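Colleague: Quick one: sequence plus predicted model below, questions after.
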Amino acid sequence: MTTTTAQDRVEFYSDLLITAIENGGYGQFWTREYDPFEDSPYAVIEFTDAEGTLHRVTPATMAHGLGVITSAERRVDENHPDDGPVLHNAATGQRLYMGSHQRERIVFAADPDNDEYEAGDLDVIDALAILECALLGAVTYA
């Protein structure tokens, strides 16, 4: 097993941020500022349906989004009980709108105890889901 340092984690979250921001047109936001070359990269984004609301995205934002996904709880959505147990944001209770397979892939790839973890194992849809969970509490667009 390899030893994961704090710097390794910052690099992991930085890579996720870059993947989400450089999304090739999949993201539902405009990038107003972006600097991937800082010691800690950042972006300022504005969702297309929320003009005037700016969000500063940092590696810590991506870490928060991963925490939302990691701590998600399976329960029945009161509005759609026929769906059976689905993932919900543990803090807000809102439906996560993420499938169990995507969650498992994200959690596995992000586990620092996984000797093979890499942000590169996650695609742009995964990175956008992490970003949206951080900022919106659930997957809203991805």
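Modeller: It's in.
Colleague: Would you mind listing where the protein has pLDDT under the threshold?
Modeller: 1-2, 115-120, 142 (pLDDT under 70).
Colleague: Tell me the residue in it that is farthest from the middle.
Modeller: For the chain, the largest distance from the centre (CA atoms, centre = their mean) belongs to Asp82, which lies 27.1 Å off.
Colleague: separation between that residue and Thr92?
Modeller: For Asp82, the distance to Thr92 (CB to CB, to the nearest Å) stands at 23 Å. Heads up, the C-betas are built off the backbone N, CA and C, glycines and all.
Colleague: And the longest helix anywhere in the chain, what's buried?
Modeller: Secondary structure of the chain per DSSP state H: the longest helix is helix 6-21. For helix 6-21, burial by neighbour count (16 or more other CB atoms under 10 Å) applies to 10, 12-21.
Colleague: name the helices or strands packed onto that helix?
Modeller: Under the contact definition 3 or more CB pairs under 8 Å, 6 or more residues apart in numbering; DSSP states H and E, helix 6-21 sits against strand 42-47, strand 54-57, helix 59-70, helix 124-136.
Colleague: Mind giving me the packing neighbours of the helix or strand just after that helix?
Modeller: Next in sequence after helix 6-21, counting helices and strands by DSSP states H and E, comes strand 29-35. Counting contacts by 3+ CB pairs under 8 Å, 6+ apart, strand 29-35 is packed against strand 42-47.
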